[in-house]
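Next one to model:
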Amino acid sequence: MKKYENEEEIPKIPLPLTKTSDLRGKQSVRATFKLSENAINTITTVAIHLGIKQKSLFDHLIEDIASLEQIAREIRSHEFMQQSRVQKTYVLSRRTLSSLEKACENFNAPRDALVEYSIRRLIPVIAGEREKHRKRKIIFAQLGKLMQQKEELLQEARRSLGKEDPMLLELERFFAGGRSIFHRIQHFVEKGEIIESFDFE
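Predicted coordinates:
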């Protein structure tokens, strides 16, 4: 890599300038909403299962203005007011919170209701992941049986060949890598258990 003696030697590359407003828009702010337990559980479950920060999920949901407008048109205020709700504070980007406030004003919709119904858009994601998790568990059970057969084969090789046999040493290295991968898969499957316990009601 070429080193430059001074700033004048550095080639000038035309790039779009970063605006201060863009940087400030990414600042984190706290916002409190009154949401149903189901909405709170929904965004928590998706964040944990997919390994996505809740802040990023809010960015994705709230900055979709077209969906917010559709939600605002279909909100049933009476139904929403009848729900039992609790206060919950989340970290959002300043830009996302600003988008939410503008949507409330433009579409004449309650802020908490927009957030509640936006979060409901994640429920099909959970349904799809639950079905995929069911299939993963079936495959993992088959993998467990395969690992058991491999361990039995390794024990047989130890009895037949002796501890210093070069083939046995290679087999042990081979199976050691397989065990490590198996445990990583097991951790991933166990992490998905939160999907199974999710209550869609």
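
show me where this protein has strands.
Per DSSP state E, the chain carries strands over the ranges 28-36, 85-93.

R94 and S28, how far apart?
R94 sits 8 Å away from S28, going by C-beta to C-beta, to the nearest Å. Glycine gets a C-beta too; all of them are placed from N, C-alpha and C.

N41 now?
Distance, N41 to S28, using C-beta to C-beta: 23 Å.

These two: who's more crowded?
Per other C-beta atoms under 10 Å, whichever of N41 and S28 has more neighbours is N41, with 18 against 11.

got a list of what that one touches?
198-199 (C-beta atoms under 8 Å, 6 or more residues apart in numbering).

Beta-bridge partners for A31, please?
Judged by DSSP bridges, the bridge partners of A31 are Y90.

Which positions within the longest helix along the chain qualify as buried?
The helix that spans the most residues within the chain, counting by DSSP state H, is helix 123-161. By neighbour count on 16 or more other C-beta atoms under 10 Å, the buried set for helix 123-161 is 123, 125-126, 129-130, 133, 136, 140, 143, 147, 150, 157.

List just the nearest of the residues you listed to R179.
Within these, the smallest distance to R179 is 7.5 Å, found for M147 (C-beta to C-beta).

Excluding covalently adjacent residues, which one is nearest to the closest one?
In space, and not counting its chain neighbours, M147 is closest to F182: 5.5 Å by C-beta to C-beta, 6 or more residues apart in numbering.

G162 now?
Leaving aside its chain neighbours, G162 sits nearest to L168 (7.2 Å; criterion: C-beta to C-beta, 6+ apart).

wait, doesn't C104 sit right on A113?
No: contact criterion C-beta atoms under 8 Å: C104 and A113 do not qualify, at 9.1 Å.

Quick check on those two: which one has the bigger neighbour count.
Under the criterion of other C-beta under 10 Å, the comparison of C104 against A113 puts A113 first, with 22 against 18.

how near is the more buried one to A103?
Distance, A113 to A103, by C-beta to C-beta: 11 Å.

so what's T96 up against?
T96 touches 58-59, 62-63, counting by C-beta under 8 Å, 6+ apart.

Of the residues you listed, just say which sits nearest to Q70.
Distance to Q70 across the contacts of T96 (C-beta to C-beta) is lowest for I62, with 13.6 Å.

Share the number of residues neighbouring the closest one, please.
24.

mind starting the numbering at 32 from now?
All right, first residue 32 from here; so that's I93.

What helices and strands are in contact with the longest helix of the chain?
Contacts defined by 3 or more C-beta pairs under 8 Å, 6 or more residues apart in numbering; DSSP states H and E place helix 154-192 against helix 68-81, helix 197-222, helix 224-227.

now with 6 Å?
Here helix 154-192 is seen to pack against helix 197-222, helix 224-227 when contacts are counted using 3 or more C-beta pairs under 6 Å, 6 or more residues apart in numbering; DSSP states H and E.
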